[in-house]
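Engineer: How does the following fold in three dimensions:
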Amino acid sequence: MNDNGRNWRVHLAGILGVTALVVLLYFMSRFSYLLFHSLIEFFSIAIAFTAFMVTWNARKYIRNSYLLLVGYAYLYIAVLDLFHTLSYKGMSIFTDYDYYANQLWIGARFFESVVLAGALLLAGRERSFSAWLPNVVYGAITLLILLSIFVWRVFPICFIEGVGLTPFKKTAEYVISGILAVAILSLFRRRTVLSPDCFNLLLASLILTILSELCFTAYKNNYAFINLVGHYLKAGSFYTVYRILIVKGIREPYDHIFREMTENQKTLRYQNEQLTEVSIRDGLTGLFNYRCIRERLMDAQHRHARYGEPFSILILDLDRFKLVNDTQGHIVGDAVLKEFSGLLTDSLRNLDIAGRYGGEEFLVILPGTGKEGARAAAEKIRLNAEAHTFVNEVRMTVSIGVASYHEGGPDEFISQADANLYMAKHAGRNRVAG
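Structural biologist: Residues are numbered from 1 along each chain as shown. You can find the predicted model right below:
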């Protein structure tokens, strides 16, 4: 089965599961509204607490300040909703007053709406605050709301038995909806700093929360059907926020971590390759440096000793190169060296090894090549150099000493090629000797 088919089945299973849960809760509300209210509120509380835990544990990886501020806030919203659930009429936990739940609802929703709207001002910005700062502020606000309701009793009354919702409660719900509407406008202005998934989920959460609030402006008692719908919508809004934090707080940081590890490995591998190149290459010409070409020469000698493989070397020297430096400067001289290095490489086989031996001298190793083959290779290089016009119309020739390997160390072998190079120079330059 392809990924599209598998995803379609997963989405269908999710839709059927949610539909079944909604229907089950509805019939449960017909049997006992108090049980329905407790279950759906505890479901919302669990989601809110999980959202906080996701944010807290992924805080090192979440860069977006908005997600951090919202994720932290849901712990304190969960606390207020827990008190709301426990104080609901019929729970028989707070017996001195039956309608604390309505006050706690308004306190929690004001808190939630202000956080959702206010935190959008920081959407897309990287965190610039300690994790403890927003938690201390949120904790203080939560404590003040609880004290104003249970201890100081200054929080406005929200429900009157036999009358229904107070003007304050209805006005508060509309104000909360207005704050969330402003949050939606702000969200659209900042949509470019959020991923499409994050934007869509956040928009859905804000719309569901507004609809939930509007439901709670129209009921006459705490067990009304519109109240039930409002709780469905609230649970849906909590779940969408949870999804935002899962997508942005866990999945994307996870992808980011391993993507970053892969990039770091690539960077490290590239750096190692660069360091290796620096250690074996001549900085000006790009050919092998003196140390490396000597090592390659010793390798060729070992192969000869083990397998009897013949090989030869060429030592090349640019004729009257000092005159170029003296008359046109070292910049032109360096350019000539680089250009000659390219010409040398183009004149050789892929298996041949060329290196800068020092100054304007070069050493070439010709694997599997005897004396005649080496002289032919040297002559090709000489002719190519003679026919070439270098930078600044410089004409340059090259003298080449050839040596084919015989028993002995590398120094003796190189001395033989050097002696042949001296012969080529002494004979008038621009020639091959050996």
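Engineer: Spell out the secondary structure type for Gly355.
Structural biologist: The three-state label for Gly355, taken from DSSP: H, G, I helix; E, B strand; the rest coil, comes out as strand.
Engineer: Show the model's pLDDT score for it.
Structural biologist: In this prediction, Gly355 carries a pLDDT score of 93.
Engineer: Phi and psi next, for Leu316.
Structural biologist: phi -120, psi 140 (degrees, to the nearest 10).
Engineer: Who's the closest spatial neighbour of it, skipping the chain neighbours?
Structural biologist: Ranked by CB to CB, 6 or more residues apart in numbering and with sequence neighbours excluded, the top spatial neighbour of Leu316 is Phe362, at 4.4 Å. Yep, even glycine has a C-beta here, placed from its N, CA and C like the rest.
Engineer: got it, and Val332?
Structural biologist: With sequence-adjacent residues excluded and distances taken as CB to CB, 6+ apart, Val332 is closest to Asn392, at 5.3 Å.
Engineer: Can you pull the phi/psi pair for the one you found?
Structural biologist: Asn392 adopts backbone torsions of phi 60, psi 30, taken as degrees, to the nearest 10.
Engineer: got it, and Gly428?
Structural biologist: On the backbone of Gly428 - angles per degrees, to the nearest 10 - the values are phi 120, psi 10.
Engineer: Then Ala417?
Structural biologist: The phi and psi values for Ala417, taken as degrees, to the nearest 10, are phi -70, psi -40.
Engineer: Report pLDDT for it.
Structural biologist: Predicted confidence (pLDDT) for Ala417: 92.
Engineer: related to what we said a few turns ago, and the residue nearest to Val332, how far is that from Glu386?
Structural biologist: Between Asn392 and Glu386 the computed distance is 17 Å (CB to CB, to the nearest Å).
Engineer: do the same with Leu39
Structural biologist: Taking CB to CB as the measure, Leu39 falls 95 Å from Glu386.
Engineer: In terms of neighbours, single out the busier of those two.
Structural biologist: Neighbours of Leu39 and Glu386, each counted by other CB atoms under 10 Å, are more numerous for Leu39; the result is 19 against 13.
Engineer: Give the full set of residues in contact with the more buried one.
Structural biologist: With contact set as CB atoms under 8 Å, 6 or more residues apart in numbering, Leu39 has these partners: Leu25, Met28.
Engineer: got a pLDDT number for it?
Structural biologist: Model confidence at Leu39 (pLDDT) stands at 91.
Engineer: Please pull up the helix or strand immediately following the helix or strand bottoming out on mean pLDDT in the chain.
Structural biologist: Among the helical and strand segments of the chain, the one scoring lowest on mean pLDDT, DSSP states H and E is helix 252-280, with a mean of 57. Downstream of helix 252-280, the first helix or strand assigned by DSSP states H and E is helix 290-307.
Engineer: Check which helices and strands that following helix is in contact with.
Structural biologist: Contacts defined by 3 or more CB pairs under 8 Å, 6 or more residues apart in numbering; DSSP states H and E place helix 290-307 against helix 252-280, strand 311-318, strand 353-358, strand 361-367, helix 410-426.
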